[in-house]
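[1] Let me see the structure of the following:
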Amino acid sequence: MTTPLAGKRVLIVEDHFLLAEALADCIADAGAEVVGPCPSVEAALASLDQAGRVDVAILDVMLDRQTSEPVADRLRAMGSPVLLMTGYDDLSMSQRLRGLPRCFKPFERGSLLRKLGELVVPN
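    Numbering: from 1, shown residues only. Just a heads-up that it's a prediction; the model follows:
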């Protein structure tokens, strides 16, 4: 049985190594191509430059001491949907990130895949 993520390119931006690896394994197991994981804004922007396009992205809101806003801005300009991976509520986030779909840490595999599947455009 194929999943909505099968054949899709998924950017992962997460600075905690073990969580990034768990996300990558989950996404790959769903049949998607993983772009990253990227531990910083700079690495994510460079990956986007190299990858050309992604079908959906998972962004950690806080990457060390900076937010992932520049990555979210670039993805939205490209027309790629964004799923925030965070422990923050809307009031704790910047105006630019409020209202974006979220998956709370720690993530539950089924919930994460369902939310990503809802964001991707069918082939």
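[2] which secondary element of the chain has the worst mean pLDDT?
    strand 102-104 (a mean of 85; mean pLDDT, DSSP states H and E).
[3] ranges for the strands of this protein?
    Counting by DSSP state E, the chain has strands at residues 9-13, 33-38, 56-60, 62-63, 66-67, 82-86, 102-104.
[4] Report the beta-bridge partner residues of Cys38.
    Assessed by DSSP bridges, Cys38 has beta-bridge partners Val13.
[5] Work out the gap between stretch 64-79 and the centre of the chain.
    10 Å (C-alpha atoms, centre = their mean, to the nearest Å).
[6] Number the chain from 880, please
    All set: I'll call the first residue 880, so the last point we hit is now stretch 943-958.
[7] now that stretch: mean pLDDT?
    Mean pLDDT, computed over stretch 943-958, is 93.
[8] quick one: contacts of that stretch?
    Contacts with stretch 943-958, where a contact means C-beta atoms under 8 Å, 6 or more residues apart in numbering, come from 890, 892, 894, 919-920, 923-924, 927, 932-933, 936, 938-941, 960-961, 963, 973, 975-976, 979. Bear in mind the C-beta positions are built from the backbone N, C-alpha and C, glycine included.
[9] repeat that for 10 Å
    For stretch 943-958, contacts defined as C-beta atoms under 10 Å, 6 or more residues apart in numbering pick out 890, 892-894, 917-924, 926-928, 931-933, 935-936, 938-942, 959-961, 963-965, 972-976, 979, 1000.
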